[in-house]
Each structure stands twice: as C-alpha cells, then as structure tokens.
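Participant: take this sequence and fold it.
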Amino acid sequence: MKKLLFISMVIFALVSCKSYENGEYVVNVSVTGNLAIVASDTIYLSNSLENYPFSDTAVIENGKATFTGTIKTPQNVMVMLMIGDSISANPARLCSFFLEEGETDINANITMADADVKISGGAVQTTRDSLETLREALLSERDFDSLSARFSKMGPEDQQKVQKIYMEVDSIVSAAEQAYIESHPKSLYALDNLWKNFEFDMELDEAAAKLEAFSSDLAFAENEMVKEIESIIAIHKGLQIGATAPDFVQNDPEGEPVKFSDVYSKNKVTMIDFWASWCGPCRRFNPDLVDIYKKYHRKGLEILAVSLDRDGDAWLKAIKDDNLTWKHVSDLGFWSNKVAQQYRIRYIPQNVFVDKEGKIIAKQLSSKEDIIKLLEENL
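Facilitator: Okay, here's the model as predicted:
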C-alpha cells in the first residue's frame, strides 16, 4: 500500500504543468472495433465552458482523424461521435481529456455498449492517468473485479464489505490527489480540479479563496476557466440568504407573461419550485407540495413553479394530473430554461423561498417537514 502511494507521488512529482505560448494542439484519434455503428465520418471536439465555448471537427478516414488548431486556455474537452444509423443517429461521448498545448493520442476500441479508450497527452492528462493507475492497482490488490462480479449474489453483509473496499480505495486516491494539489497549488491540474468540484463540493468562501490564488496571478489573467469560475461564484453570491432574488419574466401555460416580483410582492412567502414532468423525484414530491399549498396558501404562501420541460403537452398534463393549482411558467427550454440558468439550477427538484420584498429566506429545502417549519416561522 505505502509503496503504491509512494510510486504515485513520485509520478506526480515528475509531472509539471508546462507553460504554453501559442496554444497549438494536435489530437490524433484512432477508432477501431465495431465501426459499423458509427453513423458519420465527422468527429467532434468541444468543451463545457458556458461563457467560452470551444468546438472543433475532424473527418475519420480509415479509422483515423486528426484535430489541429489553437486553444486560448487549456481545459477539459469531450470527443463525440454520431452512433446509430443514418436516420436515428445520436451523439455519443467517446471520451473526455485535458486539452493543452502539444500532442495528444487517443486510441478507442468501440463496441455496441462501450468504448475502451487509451489517452496519452500532456502534463495534466498524465497526472489524471497516474491517479487512475493508482486506483486500478489498489483495486486489483484487493481482487475488486472478482468481488464486483459476484456482488449481486452476495448477502447484505458481504455487499457492505465490497462497498467499504471501494470507499477505502477512493479515500486513498483522493488523499494522493490532494497531496499533489497542495504541492502544486497553481498548477493547471489544481485549477481543473477546482473547476470540476467548486459548485457541489465546496462552500462558497472556500471556492472563492482557492480561486483567488489563480485570479491574482498574472499568468492566469486571461485564463477562461478562471473567468468562468469567477462569473459562477458571482451568481451564487447573488443567491445567498438575505440577497434580493433575481427578477424574471416567463410565460404561463396560456402564453401570458408572469413577472416574479409581481408575485412575491403580493404574498408573505413565495416559493420558486424548479421541476419538470419528466422528473421522477419532482412528481413524487408533488403530493406533499399540494398538501402544503392547501394548508398555507390562505396564510400568505404562493408557489411559482418553473418547469424545465421541453414538451408543452407533457408539462400541461403533469400540472393537471398532479393537481398543481399554483402559478406555472416555462420557456420549454429544458436545461437551458432561462430562469434555471439565472439561478444556476443543476438538478431538480430545487427551490428558493423569498419574502414580500423578494429577499431570499431559504433555499434547497428537500423535505415536507423543513418547508412546513419555514412557513410556520414566517407566516
């Protein structure tokens, strides 16, 4: 165990984030296996930065494709293929990797169900790979693959033991990763780790403090990942308890515009309920929400439901079937719903509660009991 951890840390120590001048990249992709399921000879490269989108395309010839170009900021990207037939093809992610200046080789063997992908890239990708190597070695040392194959046939006690093994390995790998980040606090790997985790796994103040190390460094002055994190943190700061909730206008099922501030100014407490007809947890919670609304609406509660639906008929049917008698709006934009983006909604159900002045008094209350407690205190 200690030997494996030591080897991993030696690998980390040898990896340094090289500086880049013009951001030139070359990505060589080799695709083998069941090529019959590939519906198009176009292969796609894109990122996930909302404010700084990046995309590139290449053509597959004889199972090979090459992307060339320049990228302003090294960052995580995805490689996508069109899988299926010419009529019903769908985009499928082949892999994700860290694109930085220099050359990256991707070898993918695709099947109907999956793809076995090997990536050889720059410093950040090498660090990622060393972590995976450590994980695989630790799991192999514990015969995890064999245990997993028998997992469904095990009793509860043995299943818990298998789960404990994985959690133990995950803890060791996480410790190795944090050790690397602590010794390389201004590395591109540390920045990428912050980008992937700050919204869900960190308190806002912690994320802001970690970002400051990069934003105060001139070497990262034009880094788009840093700018993206800054903009998202600013949104979250505007959604803290005590802040005035962002106002918005969206249409109701009849096509009439509904302004949020017009709603909350007429009620003691207003709840924004982010939901959708296709969201199972949302639909399961609706009966509790119906009970709450019946009891507290006359006391000053209003609900404004923002739907992340894209099918208008399904949205209207769910409202009727679940007996949701409060106010509803949607732009049928799915996850691109403008209000959901404004409030950084990344999962549903989710909610925000405001008072008569629009000040946020609570958010992300997930149980009937918590909502009732809040209403009893504020109505």
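Participant: which residues are in contact with the residue lying closest to residue 326 once chain neighbours are set aside?
Facilitator: Leaving aside its sequence neighbours, residue 326 sits nearest to residue 303 (CB to CB, 6 or more residues apart in numbering; 3.8 Å). The way it works is simple: take the backbone N, C-alpha and C, and place the C-beta from them, glycine included. Under the criterion of CB atoms under 8 Å, 6 or more residues apart in numbering, the neighbours of residue 303 are 270-271, 273, 289, 293, 326-327.
Participant: can I get the CA coordinates of stretch 304-314 in CSV?
Facilitator: Extracted in CSV, the C-alpha atoms of stretch 304-314 (Å, rounded to 0.1, in the frame of the first residue of the first chain):
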residue,chain,number,x,y,z
LEU,A,304,-44.4,29.9,-8.7
ALA,A,305,-43.3,26.7,-10.5
VAL,A,306,-40.6,27.0,-13.2
SER,A,307,-40.7,23.9,-15.4
LEU,A,308,-37.7,22.5,-17.2
ASP,A,309,-39.9,20.7,-19.6
ARG,A,310,-39.4,20.8,-23.4
ASP,A,311,-42.7,19.1,-24.3
GLY,A,312,-45.6,21.5,-23.7
ASP,A,313,-48.3,18.8,-23.7
ALA,A,314,-46.4,16.7,-21.1
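Participant: mind listing the strands the helix or strand where the residue nearest to residue 326 lies pairs with, and their directions?
Facilitator: Using DSSP states H and E, residue 303 falls within strand 301-307. Here strand 301-307 has these sheet partners by DSSP bridges: strand 269-275 (parallel), strand 327-329 (parallel).
Participant: domains of this structure?
Facilitator: If you go by automatic domain parsing, the domain ranges for the chain are 23-121, 144-237, 249-378.
Participant: pick the most buried one from the strands paired with strand 301-307.
Facilitator: Burial of the strands paired with strand 301-307 is given as mean neighbour count (mean count of other CB atoms under 10 Å); strand 269-275 ranks first at a mean of 24.
Participant: what's that strand in contact with?
Facilitator: Contact partners of strand 269-275, identified using CB under 8 Å, 6+ apart, comprise 245, 260, 263-264, 282, 286, 289, 296, 300-308, 339-340, 343, 345, 348-355, 361, 371, 374-375, 378-379.
Participant: stretch 331-339 too?
Facilitator: Applying CB under 8 Å, 6+ apart, the external contacts of stretch 331-339 come out as 248, 250-251, 272, 306-312, 315, 329-330, 340, 345.
Participant: now these: which count as buried?
Facilitator: Those of these that meet the buried threshold are 248, 250, 272, 306-310, 315, 329-330, 340, 345, by 16 or more other CB atoms under 10 Å.
Participant: JSON lines for those residues, including pLDDT and distance to residue 186?
Facilitator: As requested, those are exported to JSON lines (pLDDT from 0 to 100; distance: CB to CB, whole Å):
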{"residue": "248", "pLDDT": "97", "distance to residue 186": "38"}
{"residue": "250", "pLDDT": "98", "distance to residue 186": "42"}
{"residue": "272", "pLDDT": "98", "distance to residue 186": "39"}
{"residue": "306", "pLDDT": "98", "distance to residue 186": "39"}
{"residue": "307", "pLDDT": "98", "distance to residue 186": "43"}
{"residue": "308", "pLDDT": "98", "distance to residue 186": "37"}
{"residue": "309", "pLDDT": "97", "distance to residue 186": "43"}
{"residue": "310", "pLDDT": "96", "distance to residue 186": "42"}
{"residue": "315", "pLDDT": "98", "distance to residue 186": "47"}
{"residue": "329", "pLDDT": "98", "distance to residue 186": "44"}
{"residue": "330", "pLDDT": "98", "distance to residue 186": "43"}
{"residue": "340", "pLDDT": "97", "distance to residue 186": "34"}
{"residue": "345", "pLDDT": "95", "distance to residue 186": "32"}
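Participant: so which of the residues you listed comes closest to residue 169?
Facilitator: Residue 169 lies nearest to residue 345 out of the buried ones among the contacts of stretch 331-339, by CB to CB, at 33.0 Å.
Participant: does the closest one belong to a helix, a strand or coil?
Facilitator: Local secondary structure at residue 345 is given as coil here, using DSSP: H, G, I helix; E, B strand; the rest coil.
Participant: circling back to that earlier point, need the strands paired with strand 301-307 in a markdown table (columns: distance to residue 39).
Facilitator: Formatted as a markdown table, the strands paired with strand 301-307 follow (distance: least, CB to CB, whole Å):
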| stretch | distance to residue 39 |
| --- | --- |
| strand 269-275 | 34 |
| strand 327-329 | 37 |
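Participant: out of these, which gets nearest to residue 165?
Facilitator: strand 269-275 (37.2 Å).
Participant: quick one: distance of that closest one to the chain centre.
Facilitator: 22 Å (CA atoms, centre = their mean, to the nearest Å).
Participant: out of the domains of the chain, the one nearest residue 130 is which?
Facilitator: The nearest among those, by CB to CB, is domain 144-237 at 8.6 Å.
Participant: how long is that closest one from one end to the other?
Facilitator: Domain 144-237 has an end-to-end distance of 43 Å (criterion: CA to CA, to the nearest Å).
Participant: what's the answer for stretch 115-124, then?
Facilitator: When the termini of stretch 115-124 are compared using CA to CA, they are 22 Å apart.
Participant: with stretch 299-311 instead?
Facilitator: Taking CA to CA, stretch 299-311 runs 34 Å from one end to the other.
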